[in-house]
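>>> Next one to model:
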Amino acid sequence: MIAFGVIDVASSLRAVLQPIADWFAQLEMPEPIIHWGHPLMMGIVIFAMGTTAAYAGWKIRTADQPEETAPTRKLHKRVALWMTTFIALGYTGGLLSLVMQGEPILESPHFWTGTAIVGMLGLNGAISFSKFGGGKDSLRTAHAYIGTAAVALMFVHAFLGLNLGLSI
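Below is the predicted model of the structure:
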């Protein structure tokens, strides 16, 4: 029963994405861009922005004098917000790339790690936007570890994506 649900979701999602993929196909982009564009751009986001956001976040968390971390806090907020935005857009771009190449969607471990990352970043953003529930230390701790886990999963995701790209 569950397998039929996933198939129905994949078919419905493909039906929504196919017209968009067809529009991009009319631009006659070279195949290497369709095939490797998503991994290249997302690799930059993951490795440059992900590591910067994580480093800045832990620098803030481990600071001896929190009042001196204002510039780092500003950097962390900006980089994390833009990284999350690019990850969400890249998630859609990855699905479009698969549709344009006639490949199955919702089936690879790369898809599922991407879905988990988007969810984790969304949860972390909600925690942050809530001002950590009014400054609760437990939510600050959760934010730090969820963010770290999300960045670690991004590296696994990149590896799975490389394997996927080489297999199609």
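
>>> just for the protein, where's the confidence low?
1-7 (pLDDT under 70).

>>> Counting neighbours, what do you get for Pro66?
Neighbourhood size, Pro66 [other Cβ atoms under 10 Å]: 10. Using the backbone N, CA and C atoms, a C-beta is placed for each residue, glycine as well.

>>> which residues sit in contact with it?
Neighbouring residues of Pro66 by Cβ atoms under 8 Å, 6 or more residues apart in numbering: Ile60.

>>> do the same with the one 3 residues further on
Neighbour list for Thr69: Lys59, Ile60, Ala63 [criterion: Cβ under 8 Å, 6+ apart].

>>> Would you mind measuring from Arg61 to Phe159?
27 Å (Cβ to Cβ, to the nearest Å).

>>> His38 too?
Relative to Phe159, and taking Cβ to Cβ, His38 is found at 15 Å.

>>> Ok, Gly133 next?
Going from Gly133 to Phe159 by Cβ to Cβ gives 34 Å.

>>> which of the contacts of Thr69 tops the neighbour count?
Compared across those, Ile60 has the highest neighbour count, 18 neighbours, by other Cβ under 10 Å.

>>> Give the helix, strand or coil label for it.
Of the three states, Ile60 takes helix under DSSP: H, G, I helix; E, B strand; the rest coil.

>>> nearest spatial neighbour of it, skipping sequence neighbours?
Leaving aside its chain neighbours, Ile60 sits nearest to Thr69 (4.7 Å; criterion: Cβ to Cβ, 6 or more residues apart in numbering).

>>> Also Leu96?
Ala21 (5.4 Å).

>>> count of residues packed around the one you found?
18.

>>> Was I right to think it contacts Val99?
Yes: here Ala21 reaches Val99: they are 4.2 Å apart, a contact under Cβ atoms under 8 Å.

>>> Next one: Leu75 from Leu81, what distance?
The gap separating Leu75 from Leu81 is 11 Å, by Cβ to Cβ.

>>> cool, Leu95 as well?
22 Å.

>>> Same drill for these two, tell me which one is more crowded.
Each of Leu95 and Leu81 has its neighbours counted (other Cβ under 10 Å); Leu95 has more, 21 against 15.

>>> ok now do the more buried one, which residues does it touch?
By Cβ under 8 Å, 6+ apart, the contact set of Leu95 is Leu13, Leu17, Ile105, Phe111.

>>> of all the residues you listed, which comes closest to Val151?
Among the contacts of Leu95, Phe111 lies closest to Val151 (Cβ to Cβ), at 18.9 Å.

>>> Sticking with the closest one, tell me its helix or strand.
Element membership for Phe111 (DSSP states H and E) is helix 109-129.
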